[in-house]
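Colleague: Just the structure for this:
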Amino acid sequence: MTTNDPRRWWALGALVASMLVLGFDMTILNVALPTMAAELGADTGDQQWIVDAYTVVFAAAMLPAGLLGDRWGRRRMLIAGLAVFLAGSVLGVLADSAGPVIAARTVMGLGAALVMPLALSVLPSLFGPEERSKAVGAVTAAMALGLPLGPIIGGVLLDHFWWGSIFLINVPLVAIGITACLLLLPETRDPATPRIDLPSTALTMTGLGALVLGIIEAPRRGWADPLVLLALLGAVALLAGLVLRERRQERPMLDIGLLRQRGFLWNAVAATLVTFILTGLLFVLPQYLQAVLGHDALGTGLRLLPMMGGLMVAARGSAPLVARFGARPVVTAGLVVLAGAAVLGSRTQVHDGYGFTALWLSVTGFAFGFAMIPAMDAALGALPKERAGAGSGLLMTLRQTGGAIGVAVLGSLLAGAYTDRLDTTGLPAAAAGTAADSVGAAHAVAAALGDRALAASADAAYVHGMDLALLVCGGASMAAAVLTALFLPGTGGKRRPEEPAGVVVPAVDARQ
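Modeller: Here you go, the predicted structure:
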């Protein structure tokens, strides 16, 4: 298939559908957990791991996944990833206790890790430089759109079906994606890719897994908890061992040289910091919309859509601006606007209502699109074609790790501010401890005791913590804007001279 073949748009549609499924599977369980806990007898630790197993494996396996695609064929490994994700979904449908559900989510995370970088790495073989930013925008928007769709889809399913339907919905969608990839995608690979180095792969997966585990557990256990310290120190040791081993390899699996390319490095930094901010926002906002404003899960998902509306506008509008001015001014401007939107959101008061939130969410989505999509496109465009899988795997690993850090940092900040501001004077010790766990728990205690003052104090404390988190988001976005303005290459989003429009990618497997 060449870059002017009309079937490329059908292929893009298959990739978009696959990414949409990955996106809403990150958040759909948040709606179903109370029902699952009651029917499966899952305790708090079980529920935590039902959610976290997907994220930990997802982040830890993405970098080796990109290399596997480079070596064995990107289409082949993409289809394999979809098949693994499908198998995990079927296991989830059949599960009857918490253990199999955790196992299902682990398998789904492994499949998602294969799909994510390879879905991006096949785009240069389908689209020329003029269209590539649109394709990257579509795939990125699909992933982002899936996040708020998760609570909407989960709410609708749980209103009509049993909890296993949140896994069952994946089956037909992924099956369609596999069929479309088989029929429409060309096979590309790099025969010169380094051999699969099992020790390096093990160091990569265990090191990143330990890092993400420590980051996820820290807000709940505390940064001084032995498990958290062991995970973080182990991650440092494992990843340092990986770097030392790779530096001695003639053809390393982890190509540190990619980070010496300014176009890749600083666009990856921008994309990672934006992911830090947006993932943190999507962690903070649902609790505000549900507990403070009183919306149900379905209503919460719907009220996150203004952010997606802004993203859709930016996805269409960023390409002409990048073509005219280059990636650096567009990405920098998007980050500045994102900082402004976060600071505007930090002015939220308890009685403001949803209208003010919708306003700054719309601006946030708009800024997110103008910062993320050109940065992703320029980072991918800076990669040598033969390293597309490994480079996109590294890029998505950085983004996923940035997202986990965003949840951990902003979640810890929010929890600390909430606990400090919550007034539990006069409450029994057990009730006060429960109320301090979360704003939702405080509302449950207030309803049981008929204590309206406690509910009001919980709302005010949560909004205070959310405002502090949004201020941190604003500061992180401005820091990213300064970095991109200083270090991004001025032509980061433009076509490279050696890559003319309509080029046929030479790395097509002749045996396909």
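
Colleague: which residue sits farthest out from the middle of the protein?
Modeller: residue 426 (42.0 Å; Cα atoms, centre = their mean).

Colleague: show me the contacts for it.
Modeller: Contacts for residue 426 (Cβ atoms under 8 Å, 6 or more residues apart in numbering) come out as none. Where C-beta positions appear, they are placed from N, C-alpha and C, glycine not excepted.

Colleague: how far away is residue 244 from residue 356?
Modeller: 51 Å (Cβ to Cβ, to the nearest Å).

Colleague: For those two, indicate the residue with more neighbours.
Modeller: Remark: of residue 244 and residue 356, residue 356 carries more neighbours, 14 against 10, as counted by other Cβ atoms under 10 Å.

Colleague: So the more buried one sits against residue 348, correct?
Modeller: Yes. Counting by Cβ atoms under 8 Å, residue 356 touches residue 348, with 6.4 Å between them.

Colleague: Name the SS class of residue 294, please.
Modeller: Put simply, residue 294 is coil when judged by DSSP: H, G, I helix; E, B strand; the rest coil.

Colleague: Report how many residues lie close to it.
Modeller: For residue 294, the neighbour count with other Cβ under 10 Å is 10.

Colleague: Distance of it relative to residue 113?
Modeller: Residue 294 sits 37 Å away from residue 113, taking Cβ to Cβ as the criterion.

Colleague: and this protein, what are its domains?
Modeller: 1-188, 198-254, 257-492 (automatic domain parsing).

Colleague: Serialize those domains to CSV and add fields for mean pLDDT.
Modeller: Shown next, in CSV, are those (pLDDT from 0 to 100):
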stretch, mean pLDDT
domain 1-188, 78
domain 198-254, 81
domain 257-492, 82
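
Colleague: Leaving out chain neighbours, which residue sits closest to residue 184?
Modeller: Spatial nearest neighbour of residue 184, chain neighbours left out: residue 11 (4.0 Å); criterion: Cβ to Cβ, 6 or more residues apart in numbering.

Colleague: Return the residues in contact with the one you found.
Modeller: Taking Cβ under 8 Å, 6+ apart as the test, what residue 11 contacts is 1, 126, 180-181, 184-185.

Colleague: same thing but at 6 Å, please
Modeller: Residues in contact with residue 11, defined by Cβ atoms under 6 Å, 6 or more residues apart in numbering, are 126, 184-185.

Colleague: what's the answer for residue 40, then?
Modeller: Here residue 40 is in contact with 97-98 (Cβ under 6 Å, 6+ apart).

Colleague: Tell me the helices and strands packed up against the helix or strand harbouring residue 140.
Modeller: Using DSSP states H and E, residue 140 sits within helix 129-160. Counting contacts by 3 or more Cβ pairs under 6 Å, 6 or more residues apart in numbering; DSSP states H and E, helix 129-160 packs against helix 7-25, helix 29-40, helix 165-168, helix 297-303, helix 305-325, helix 354-381.

Colleague: Of those helices, which is nearest residue 476?
Modeller: helix 354-381 (11.8 Å; Cβ to Cβ).

Colleague: Which other helices and strands does the closest one contact?
Modeller: helix 129-160, helix 262-287, helix 305-325, helix 327-345.

Colleague: Residue 137 - how many residues pack around it?
Modeller: For residue 137, the count of nearby residues is 24 (other Cβ under 10 Å).

Colleague: my guess is it meets residue 372, correct?
Modeller: No. Contact criterion Cβ atoms under 6 Å: residue 137 and residue 372 do not qualify, at 8.9 Å.

Colleague: Distance of residue 379 relative to residue 139?
Modeller: Residue 379 sits 13 Å away from residue 139, taking Cβ to Cβ as the criterion.

Colleague: Looking at those two, which has the bigger crowd around it?
Modeller: In this view residue 379 and residue 139 are compared by other Cβ under 10 Å, and residue 379 has more residues nearby, 29 against 22.

Colleague: can you pull the contacts of residue 418?
Modeller: So residue 418 contacts 461-462, 465 (Cβ under 6 Å, 6+ apart).

Colleague: Now flag whichever of those is closest to residue 306.
Modeller: For those, the minimum distance to residue 306 (Cβ to Cβ) is 20.8 Å, reached by residue 462.

Colleague: What is the neighbour count of the closest one?
Modeller: Neighbour count of residue 462, defined by other Cβ under 10 Å: 27.

Colleague: Closest to the centroid, which residue in this structure?
Modeller: residue 400 (5.4 Å).

Colleague: Provide the contact partners of stretch 333-340 at residue level.
Modeller: So stretch 333-340 is contacted by 367, 370-371, 474, 477-478, 480-481 (Cβ under 6 Å, 6+ apart).

Colleague: Distance from that stretch to the middle of the chain?
Modeller: 20 Å (Cα atoms, centre = their mean, to the nearest Å).

Colleague: Name the residues of that stretch that are buried.
Modeller: Buried positions in stretch 333-340, judged by neighbour count with 16 or more other Cβ atoms under 10 Å: 333-340.

Colleague: Just name the closest of these to residue 289, please.
Modeller: Using Cβ to Cβ, residue 338 is the member of the buried residues of stretch 333-340 that lies nearest residue 289, at 20.1 Å.

Colleague: which one is the closest one nearest to, not counting chain neighbours?
Modeller: residue 367 (3.7 Å).

Colleague: quick one: contacts for that neighbour?
Modeller: Applying Cβ under 6 Å, 6+ apart to residue 367 gives the contacts 334, 337-338, 341.

Colleague: in the helix or strand where residue 218 lies, what counts as buried?
Modeller: Using DSSP H and E, residue 218 maps to helix 198-221. Within helix 198-221, the residues scored as buried using 16+ other Cβ under 10 Å are 200-201, 203-219.

Colleague: orientation of it relative to helix 262-287 in degrees?
Modeller: 30 degrees (axes from the mean of the first three to the mean of the last three Cα atoms, to 10 degrees).

Colleague: And the helix or strand following helix 198-221, what's buried?
Modeller: Where DSSP H and E defines the elements, the next helix or strand beyond helix 198-221 is helix 226-247. Neighbour counts over helix 226-247 (16+ other Cβ under 10 Å) mark 228, 231-232, 234-235, 238-239, 242, 245-246 as buried.
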